[in-house]
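K.L.:
Sequence unavailable; structure follows:
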């Protein structure tokens, strides 16, 4: 485990070249208003993991369980589908299932983001095309097709499939709907990240007391940045926010250390949904202001925690377990560096369901 304390905490100007990039939205009322119209949009549970808290040597560990989110199996249900719903509402069409007739959304996905795009498109009459890398299991491709998406394989990794999606959007006039952001592509990912705010708004109502520490796993950083931004709005400087990345894909930590946007160099991680080598610019800017620590965890350490989580009713994937794993694998020196002790109250997110 490598820990980096964020020396620029509280500032928005510590990363070079992000001057025109917005920070994450905290307009949770807009999200709740739209989700209130969706029958599937029910709060997910916050589970108290007392046994795991004792193992970690803390007072309490509360785990936000996203495995049942809107029937899609992860927090991503709050993202892309929310963007599609906003755009459908903006048409003013009084027939929701035809509001986006003739529209095609295209994206790349290594996991649950593609399901959210597909589900949102199908509800509002749009078409979804999802590019996946050659390494993505066929079982996931089948899940995408079951949601109505057209699946195309391109490239050996996520970055290659993303490049193919971008090229297809430009060539065909399709709407690119990525969960990351880069120069010239900021509006839809900003809105997508806004959808994630519903998760934290539920936490505020469910937590018996504010936590002292919040562990947030990150790929490109969208969930972590949205959760951190709203946590700072509500809990202010109270909790220490810890961002957790795979050792093989420490794009956020590396960029924070360098004070500039960096691409991570590493191998393939078993934390597939977090194995993102380039950070989202919106997420990076938000986390450079709001996060206290950036932590990396190795594949073997996370995989070792999975049986323990399953035993306590929290079965998930390596990606879904990363936040919990960072807490559970921390030794005395790491806990001291993060300010964790017997009186600590920790919040973590179980971000997706276990794979069949």
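P.N.:
Received the coordinates, thanks. Everything quoted here is computed from the prediction, not taken from an experiment. Numbering: from 1, shown residues only.
K.L.:
So which residue of the chain lies furthest out from the middle?
P.N.:
residue 94 (32.1 Å; Cα atoms, centre = their mean).
K.L.:
Any chance of the backbone angles for that residue?
P.N.:
Backbone torsions for residue 94, taken as degrees, to the nearest 10, come to phi -90, psi 10.
K.L.:
next one: the one 10 residues further on
P.N.:
Here is the backbone geometry of residue 104 (degrees, to the nearest 10): phi -120, psi 130.
K.L.:
Residue 15 and residue 293, how far apart?
P.N.:
With distances taken as Cβ to Cβ, to the nearest Å, residue 15 is found 17 Å from residue 293. Heads up, the C-betas are built off the backbone N, CA and C, glycines and all.
K.L.:
what's the answer for residue 247, then?
P.N.:
Taking Cβ to Cβ, one finds residue 247 at 15 Å from residue 293.
K.L.:
Please apply the same query to residue 338.
P.N.:
For residue 338, the distance to residue 293 equals 6 Å [Cβ to Cβ].
K.L.:
so what's in contact with those two at the same time?
P.N.:
3, 240, 242 (Cβ atoms under 8 Å, 6 or more residues apart in numbering).
K.L.:
Next, the first one: secondary structure please.
P.N.:
Three-state call for residue 3 (DSSP: H, G, I helix; E, B strand; the rest coil): strand.
K.L.:
my guess is it meets residue 292, correct?
P.N.:
No - taking Cβ atoms under 8 Å as the definition, residue 3 is not a contact partner of residue 292, at 10.4 Å.
K.L.:
who has more neighbours, those two?
P.N.:
Neighbour count, other Cβ atoms under 10 Å: between residue 3 and residue 292, residue 292 has more, with 20 against 16.
K.L.:
ok, now which ones touch the more buried one?
P.N.:
Residues counted as contacts of residue 292 (Cβ under 8 Å, 6+ apart) are 5-6, 9, 240-242.
K.L.:
what's the distance between it and residue 226?
P.N.:
17 Å.
K.L.:
Can you pull up the most central residue in the chain?
P.N.:
Nearest to the mean C-alpha position of the chain, by Cα atoms, centre = their mean, lies residue 223 at 3.3 Å.
K.L.:
Under a three-state scheme, what state does it occupy?
P.N.:
Going by three-state DSSP, the state assigned to residue 223 is helix.
K.L.:
Tell me, what's the model's pLDDT at it?
P.N.:
We have a pLDDT of 95 for residue 223.
K.L.:
my read: it touches residue 77, true?
P.N.:
No - applying Cβ under 8 Å, one finds residue 223 not in contact with residue 77, separated by 11.8 Å.
K.L.:
how many neighbours does residue 341 have?
P.N.:
For residue 341, the neighbour count with other Cβ under 10 Å is 12.
K.L.:
Now do the contacts for it.
P.N.:
Contacts of residue 341 by Cβ under 8 Å, 6+ apart are 57-58, 335.
K.L.:
do the same with residue 102
P.N.:
By Cβ under 8 Å, 6+ apart, the contact list for residue 102 is empty.
K.L.:
The one 5 residues further on too?
P.N.:
The neighbours of residue 107, taking Cβ under 8 Å, 6+ apart as the test, are 80, 113-114, 117, 128-131, 165, 176-179.
K.L.:
Where does pLDDT dip in the chain?
P.N.:
Scanning the chain for pLDDT under 70 picks out the ranges 356.
K.L.:
in this protein, which spans are helices?
P.N.:
28-35, 50-56, 80-90, 112-123, 138-146, 158-172, 187-195, 197-206, 222-235, 251-258, 281-290, 299-311, 318-329, 332-338 (DSSP state H).
K.L.:
looking at it, residue 335 is touching residue 57, isn't it?
P.N.:
Yes - the pair residue 335 and residue 57 qualifies as a contact (Cβ under 8 Å) at a distance of 7.4 Å.
K.L.:
rewinding a little: greatest separation within the contacts of residue 107: which pair is it?
P.N.:
By the measure Cβ to Cβ, 129 and 179 form the most distant pair in these, at 15.5 Å.
K.L.:
Looking at the two, which is more packed in?
P.N.:
Of the pair residue 129 and residue 179, residue 179 is the one with more neighbours under other Cβ under 10 Å, namely 29 against 23.
K.L.:
distance of the more buried one from residue 28?
P.N.:
Distance, residue 179 to residue 28, by Cβ to Cβ: 19 Å.
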